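Colleague: Take a look and give me a structure for this.
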Amino acid sequence: MGLLNYFQITVVGIVLCVILSKIIYSWRATGVNPVVIGRGHGRWRIVELLAFLAMIFWVAEVMLRAFRPRLDQFPEIVDLSLLQTQAARIIGVALVMLGLVPFILAFVDFGTSWRIGIDRKTPGVLVTGGIFTVTRNPIFVAFILFFFGIFLINGTWFFLIFALLALVALHFQIRREEEFLKQQYGPSYEDYCKHTARYVIW
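Modeller: From the prediction side, this is the model:
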């Protein structure tokens, strides 16, 4: 395996370990399960579950490409190479490394308020400090950087299409969460929105 393959495996491992550690820590500290995917109503329950399955599919493709590039989930005729330049790969690595910063900081600053999904029954306190003074959605920003960084490293149609679809899906999820947060925290959240960007640029 090449250095870039080890890099991708390491990053996926770090992300999964951080998420798993946070789930265990939050659950033990509060007694509340922070994983609330699929608890929504109607079509949102299905959408959340499909998004979760899509993430598993993406991780599997990253790992298959890293371990055995020709044993991934797509035949060569479908998985056409788009970018195979050293410059693209370097930019991709930089984006992924940049994404790790808000990702890790968000999990530190979230405390026990972090959830996977919208927790209408046992929401945590509103977090506005630390990395949340730079962006209201540091984890989503991190995932956007991960998706486009991995695309540039691998240079294939699958990762490009996934990154573009994920960008749209994450935006809709952010808007959905914003509506919930406005209802839950009222003027405190609205004032926070006036001073902090949804992504990075106001």
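Colleague: mind checking how far the worst-scoring helix or strand of the chain on mean pLDDT is from the chain centre?
Modeller: Confidence across the helices and strands of the chain bottoms out at helix 43-67, with a mean of 86, counting by mean pLDDT, DSSP states H and E. Averaging C-alpha positions (C-alpha atoms, centre = their mean, to the nearest Å) puts helix 43-67 11 Å from its chain's average.
Colleague: shaky segments in the chain?
Modeller: Along the chain, segments meeting pLDDT under 70 span 1, 40-41, 69-83, 202.
Colleague: Run through the residues that contact the residue sitting nearest the centre point of the chain.
Modeller: By C-alpha atoms, centre = their mean, the mean C-alpha position of the chain lies nearest to Phe143, the distance being 3.4 Å. Counting by C-beta atoms under 8 Å, 6 or more residues apart in numbering, Phe143 touches Gly99, Phe103, Ala166, Leu170. Just so you know, the C-beta spots here come from the backbone N, C-alpha and C atoms, and that holds for glycine as well.
Colleague: immediately after the least confident helix or strand of the chain, which helix or strand?
Modeller: helix 86-110 (DSSP states H and E).
Colleague: Identify all contacting residues around that following helix.
Modeller: Contacts for helix 86-110 (C-beta under 8 Å, 6+ apart): 4, 7, 11, 14-15, 18-19, 22, 114, 124, 127, 129-132, 134-135, 138-139, 141-146, 148-155.
Colleague: Right, I'll leave it there.
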